[in-house]
Each structure stands twice: as C-alpha cells, then as structure tokens.
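Colleague: the following comprises the amino acid sequence and a computationally predicted model.
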Protein chains: 2
Amino acid sequence: MSKITAAAEDYLKEIYTLCTHYEKASTSEIAARLGIQSASVTNMIQKLSQTEPPLVNYQKNLGVTLTEAGRKAALNIFRRHRLLEVYLYEKLNYAWDEVHEEAEKLEHVASPKMINQIAAVLGNPTHSPHGHPIPSPDLMMPIMQEMPLTDLSPSVDATIQRVRDRDANLLRYLAQHNLNLGTDITVQKKLTDGAMHILVKGEIHKPVRLTASMAQQIFVNKSPEGSELPGR
Amino acid sequence: MSKITAAAEDYLKEIYTLCTHYEKASTSEIAARLGIQSASVTNMIQKLSQTEPPLVNYQKNLGVTLTEAGRKAALNIFRRHRLLEVYLYEKLNYAWDEVHEEAEKLEHVASPKMINQIAAVLGNPTHSPHGHPIPSPDLMMPIMQEMPLTDLSPSVDATIQRVRDRDANLLRYLAQHNLNLGTDITVQKKLTDGAMHILVKGEIHKPVRLTASMAQQIFVNKSPEGSELPGR
DNA sequence: GCCTAATTTTAGGTTAACCTAAATATTTAC
DNA sequence: GTAAATATTTAGGTTAACCTAAAATTAGGC
C-alpha cells in the first residue's frame, strides 16, 4: 500500500471512466485523454500492475482494467475532485467552467481531513456542479437517472441533469444561454447532422443552437417523473 | 520567467527567512531546514542562480541571497501559505497546529484566482493563525511590533503576538494551556537554563512551564502601549 | 489468407530532484 | 601558521514521469 503518485491518480481516473464505457481501456485511448504518448502509458500501466496490491489488471496487448484496489482508489479521487469542485463553486464563487481545472490540482494534495471538513461544511453533497455523482465516504457511487440529450425526442419536457466538465468553452456557452443544471428544456428541432435547437422553459428567447458535439456532452431526465434538482 | 517548481519554492522560502536573520543563507543551514543533503542544495542553488531572471545571488562558497525577483517570489509564496492557513483555521475548523502542514502542500498548487477569492472571503487578513504577517497583494510585508518572550522581564504584562509554526507539538501544548494569540501573560519566574513559568492573566491556574526552546519560539508585545489583537 | 494499417510495446534518452562518496575550501583551535 | 574540523562543491547514481524511434503484435480489407 505505498503512496499513489499524482500522475498515477490521473491514470486511474481515466481508466475508470473508460472502463465504464468500454469494458477495457486501451493504451492509445488513455494516452489521447491524458494528452501523452502511448509508450508512456504502457510504461505506467506496467508499474500500476506491479504494485502491492496491483491497481490494474494488465496483459500485454490486451487492454487494462482496474482491480478492486484500483477501483477504490479511483472512486476516492473522484470523491475528492468533485467535493472540491462543489466547494469552489459554493464557497469561493467560482463559475462552473472554472472549478474543474483548479480541482484537478487540489485533488492530489488535499488531505483526508480537508476532504472530510469540506464534505461536512457543504452538508455532504451528492453531485458536482456539473451533475457528476460524488462517491459516498464508503465509496458507493450514487446512481444517476439520466439519458443523453441526443436521445431526447422533440417537444418532450426534460431537465438538465449532467454536463461533461472537460470543455470550459461549452460550459461558458451553456451558462450564457441559461442552460444550467436543473433547467427545464425541450428540443425544438433536430438537424440532420445531430445539431439541435433547444427551448428553455419559461423563456421567450429564440432557441439555443447546440452542435452535435455539444449535445453529446449533455444528459437529461424526462420531466414527469424526475423533476427534482440534484443536490449539486 | 519560466515556472518556479514546488521544490524551488521551498528553497526560496527558507532562503528568505534565513536572510532576514543572517545576511546570507548557508548551504548547510538550508539543507538542515529542508531536511535534505547539502549537495542537493548546492545543486538547486546553482539552478536558481541561472534562471532568467536569476532568483538568487550565488558565488561559490560564499552563501546565497535572494535577488529582487527571488524576494518577490518568496513573498508571494508566504502570502499564499499564510492566507491558506487562515482559511483552514477560520473556514474549515482546523486547529492552529494543523494548518501549517496542509498549507505547505496547497501553496504550490492554488491558483492566483483561488488566493484572491480566499483573501476576499476572509476580508484580507494581515496575520496568520500563528501571528505571522501576510504580505499584501502588492507584496508589502506588514511590520511586526514584537519582542522575543525570552527578553521579557518577570512581572511585566505582555500579549502573545506570534508563535513559530514548525512545531505542532509546541502549538498543541500552548493551546492546551490557553496560551493563544492575543492571550495576556506575565513571566512569573525565569530559571537559569532559560526555562520559565508563565501566568495567564485572569486565570488562577498554576503557572505554565515553558522550556528554553519553547520560549524561544514565542514573541510578545508589552501591554501598556500595544494591547490590540492582531487581525489573524 | 495475406498484406497493409493501426496499435502496442521495447529500447534508449531527458529532466527534476533527490542521494552518497570523494574532493576541495574555509574556519577554528592551539 | 598549520593541522584538524567543518562546510561546500563536484562527480556520479537513482527514481518518476515523460519523450522519440524502432520493433512487435493485432486488426482490417478484399
């Protein structure tokens, strides 16, 4: 149980996210997402598979998955990261497009005590400012009830539940057009290339245009049943 | 003006403090205070003297001083460190013996924006929880009016103004005996080895014993003139 | 099924920040 | 003033985390 370095923590996070999507995380995908060369990834993965206990399952050319220890470590980092995001947003007046970058650095140095205090002061929030679930202190991940905005049919009422946090420009654009977490919306029109026009409920403004790649980063909840705002 | 690494920041802080005491900082003193080997210090100093602009003045075997750029950088780090300490103390319920260690890590990653927000939320404090002065945004260091407790004559009323922050055990001991910043005290008796007995004003408890090395880390203000509490 | 393309790994190199051991300066002590 | 003690620097080594280039493996196209 030696100390996990900041770099290793970044790998674990990416492997976690990739594995929720694809079963196994490939060397080149990890490299692309971390913005480094695949050779470096192979290298780190080999190290992570030789720690005691191992953090990843690795066999040459076959992709990586997390071990239970690796999964726990990853959940812990997500908890830290997302609590820090909420804290910056709620207590230090950060905008939601600014919190990710700062949390990315703080998560590697904040002590368990600091994370506990932050969670306590915030009242144990369950979701980040972008709607990502925050693992509980015993590392259980809250279940999200959501669908991709791209799957929402026109004229159906829905609420914005989650937005990916990597693209600060997107987050700024959404905030500018009043598309925030909890905002009720409808798809007015879908274009053939995947772009769409969105109507914000209760506003008479002209519709907000979203490109396909923007829409892909937004997740919603159909209104009738699930109209509660997540705790942020 | 390339980026100053975390390790370099630690060197600059130590060189700053040593230079306020001794004119020049010696390799071995820096090494002792950072808990590393002198050879490593020589190495880093040579690098710090070759940056553009140089951060330290260095000539073989003659000790180091900070350049103006180095001094500015050091003051900036002290500002960050001490603001973070106040923040942890005031907003996250840290005890004063816990803040130093946490701030030591956070200071290297907190962005200028974060430091600004923290300063604003706290109302621009001028002193750390241990009474150390916090450089202003334009890096002016508040002037301290204080004397070493070891210089205080028995029976003279004084107020605790500053305590060095490196020794968490000392800080805990002081807090346990109600010796906090702003506490009014008197020296009851000085022993020959430099130890002393302290009376806390307004308390009927038996005197608090301080060893010489403890007393050396405490700084006070004689009461008549300067009885204001520092802003913390 | 074979060949090309893409992916992954190996091999060797770089930088930052430490280390130890040995060499060189400097200071102190008598 | 010289020898012994102390301080500083040099030289060479280690580890973490990246890199590039080349070799090996796997996958896709027809």
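Modeller: Okay, I see it. Numbers count the residues shown, from 1 in each chain, chains lettered A, B, ... in the order given.
Colleague: wasn't A:Thr159 part of a helix?
Modeller: No - secondary structure assignment places A:Thr159 outside any helix; it is strand (DSSP: H, G, I helix; E, B strand; the rest coil).
Colleague: neighbours of it, how many?
Modeller: 20 (other CB atoms under 10 Å in any protein chain shown). For every residue, glycine as well, the C-beta is placed using N, CA and C.
Colleague: okay, strands next: where are they in chain A?
Modeller: Ranges of strands in chain A, per DSSP state E, are A:56-58, A:64-66, A:147-148, A:158-163, A:184-190, A:196-200, A:208-210, A:218-222.
Colleague: just put those in TSV and tack on distance to B:Val64.
Modeller: Output for those, formatted as TSV (distance: least, CB to CB, whole Å):
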stretch	distance to B:Val64
strand A:56-58	44
strand A:64-66	46
strand A:147-148	59
strand A:158-163	50
strand A:184-190	61
strand A:196-200	60
strand A:208-210	57
strand A:218-222	55
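Colleague: out of the ones you listed, the one nearest A:Ile36 is which?
Modeller: Proximity to A:Ile36 (CB to CB) singles out strand A:64-66 among the strands of chain A, at 15.0 Å.
Colleague: what's the mean pLDDT across that closest one?
Modeller: What strand A:64-66 shows for mean pLDDT is 95.
Colleague: against which helices or strands is that strand packed?
Modeller: Applying 3 or more CB pairs under 8 Å, 6 or more residues apart in numbering or on different chains; DSSP states H and E, we find strand A:64-66 packed against helix A:6-22, strand A:56-58.
Colleague: all helices for chain A, in order.
Modeller: A:6-22, A:27-34, A:38-48, A:68-91, A:99-106, A:112-122, A:168-176, A:212-215 (DSSP state H).
Colleague: dump those to a markdown table, plus mean neighbour count and distance to DNA strand C.
Modeller: Listed next are these as a markdown table, based on neighbours: other CB atoms under 10 Å in any protein chain shown; distance: least, CB to the nearest atom of the strand, whole Å:
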| stretch | mean neighbour count | distance to DNA strand C |
| --- | --- | --- |
| helix A:6-22 | 18 | 11 |
| helix A:27-34 | 17 | 3 |
| helix A:38-48 | 16 | 3 |
| helix A:68-91 | 21 | 16 |
| helix A:99-106 | 21 | 16 |
| helix A:112-122 | 17 | 23 |
| helix A:168-176 | 16 | 25 |
| helix A:212-215 | 17 | 19 |
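Colleague: distance to DNA strand D for those - can I get that in a markdown table?
Modeller: Shown next, in a markdown table, are the helices of chain A (distance: least, CB to the nearest atom of the strand, whole Å):
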| stretch | distance to DNA strand D |
| --- | --- |
| helix A:6-22 | 4 |
| helix A:27-34 | 7 |
| helix A:38-48 | 3 |
| helix A:68-91 | 13 |
| helix A:99-106 | 13 |
| helix A:112-122 | 20 |
| helix A:168-176 | 21 |
| helix A:212-215 | 23 |
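Colleague: can I get those helices in JSON lines including distance to A:Pro142?
Modeller: Listed next are the helices of chain A as JSON lines, based on distance: least, CB to CB, whole Å:
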{"stretch": "helix A:6-22", "distance to A:Pro142": "14"}
{"stretch": "helix A:27-34", "distance to A:Pro142": "24"}
{"stretch": "helix A:38-48", "distance to A:Pro142": "27"}
{"stretch": "helix A:68-91", "distance to A:Pro142": "11"}
{"stretch": "helix A:99-106", "distance to A:Pro142": "18"}
{"stretch": "helix A:112-122", "distance to A:Pro142": "14"}
{"stretch": "helix A:168-176", "distance to A:Pro142": "21"}
{"stretch": "helix A:212-215", "distance to A:Pro142": "24"}
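Colleague: right, and those helices - which one's nearest B:Ala73?
Modeller: Judged by CB to CB, the one of the helices of chain A that comes nearest to B:Ala73 is helix A:99-106, at 18.8 Å.
Colleague: returning to that earlier point: closest to B:Asn180 out of the helices and strands packed on strand A:64-66?
Modeller: Of these, nearest to B:Asn180 by CB to CB is helix A:6-22, at 35.9 Å.
Colleague: rewinding a little: out of the helices of chain A, which is closest to A:Lys190?
Modeller: Of all the helices of chain A, helix A:212-215 sits nearest to A:Lys190, with 9.0 Å by CB to CB.
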